[in-house]
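> what follows is a predicted protein model with its sequence.
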Amino acid sequence: MSTHVVTATTDCATAIVSIDQPAAVVADLTAATPELVSPYVDGVRHDIVQTRDQAVVLTLVPGSEAAPHMATGHSLHRYYRRAGSTFRHLEHYEIADLFGRRPHARLTATTDWDVRLSRYTTGQGGVANLSVRIVVKNEGRGLARFPSLSVDEPGGWPLKHQTGGIHHLPMIAPPRGWHQRYAGGADTVVYPDDELVVTTLSAEIKTEQREYPDLALRYRVLADGAFPEDGTLVVRGEEIRVAAVAAFESQNLPYFGRPMFGPRVV
């Protein structure tokens with residue numbers, strides 16, 4: 001088996017050269033990586049991509065929130081910027097500008113949900129409440145000011161939107177193409193590595209309910225100085241059903257698939 005490594009100049013890859021002991025090459029690259037750039041870029045990976053008769057060592061360099069980074073290899077100690085298909089040295093004023101930039105926020109959305117029994121009559125049935133909290137997280141290094149979350153009409157469940165109060169963002173008029181929008185003002189800030197509960201969606205689940213569809217919610221989250229992020233939040237219907245069954249059985253209530261004091265059907 002032949003193994004290859006990509007050789008390169010400062011600007012671009014120039015050739016694929018056969019090497020021996022790819023695992024040793026990856027170990028050397030991993031050890032050298034922290035010494036080749038300052039500050040260190042977190043998450044750099046060196047992987048061996050192997051086929052039947054050859055292998056290639058590839059390096060993945062992720063995006064970094066700690067820019068600018070200085071190349072500190074032999075005879076380098078310079079800052080570089082990509083210009084088309086090549087790189088060029090940064091001028092002094094460009095470096096100063098990069099250091100003067102404030103770090104950016106990077107927002108994403110997630111859900112935190114549960115099912116709790118809300119009311120019941122012993123031996124007859126009851127109602128459980130599905131509560132879905134939409135949480136915005138700041139995974140960047142900068143403050144997220146004026147956070148905003150737009151959501152589509154939820155699919156699968158007739159959800160009620162809760163808004164206002166100290167634990168939720170106020171609801172405002174949504175932009176075209178969206179069902180609802182929640183937005184914070186100048187006093188609403190999401191700190192780095194912190195999160196904010198935007199709203200809580202709720203729906204009733206009765207003991208006689210038969211269908212448990214997936215809950216899907218398309219969203220767009222953004223803030224001042226942060227790029228918009230689109231996605232879809234999904235809560236699986238089977239997981240909701242299992243949680244509802246547990247709530248009903250906590251009071252020995254009959255539900256669809258299990259008559260009173262009858263065998264459990266899950």
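Received it, and whenever you're ready, just let me know what you need. Numbering: from 1, shown residues only.
> which strand or helix spans the residue nearest in space to the middle of the chain?
With distances taken as C-alpha atoms, centre = their mean, Thr108 lies nearest the centre of the chain, 5.0 Å away. Using DSSP states H and E, the element containing Thr108 is strand 107-121.
> quick revisit: quick one: contacts for the residue nearest to the centre of the chain?
Contact analysis of Thr108 by C-beta atoms under 8 Å, 6 or more residues apart in numbering lists Val136, Lys137, Glu139, Val221, Glu229, Gly231. The C-beta positions use only the backbone N, C-alpha and C, and glycine is treated the same way.
> quick check: longest helix of the chain.
Using DSSP state H, we find that the single longest helix of the chain is helix 237-249.
> could you list the buried residues of that one?
Ile240, Arg241, Ala243, Ala244, Val245, Ala247, Phe248 (16 or more other C-beta atoms under 10 Å).
> likewise stretch 204-216?
Buried positions in stretch 204-216, judged by neighbour count with 16+ other C-beta under 10 Å: Ile205, Thr207, Tyr212, Leu215.
> endpoints of it, how far apart?
End-to-end span of stretch 204-216 (C-alpha to C-alpha, to the nearest Å): 17 Å.
> could you give the mean pLDDT of that stretch?
The pLDDT scores in stretch 204-216 average 90.
> ok now it, how far from the chain's centre?
27 Å (C-alpha atoms, centre = their mean, to the nearest Å).
> what does that stretch contact?
Contact with stretch 204-216 is made by 115, 118, 125-130, 132, 154-157, 159, 232-238, 240-241, 244, 248, 253-256, as judged by C-beta under 8 Å, 6+ apart.
> which of these are buried?
115, 125-130, 132, 154, 156-157, 159, 233, 235, 240-241, 244, 248, 253-256.
> just the ones in strands from the residues you listed, please.
Val115, Gly125, Gly126, Val127, Ala128, Asn129, Leu130, Val132, Leu233, Val235 (DSSP state E).
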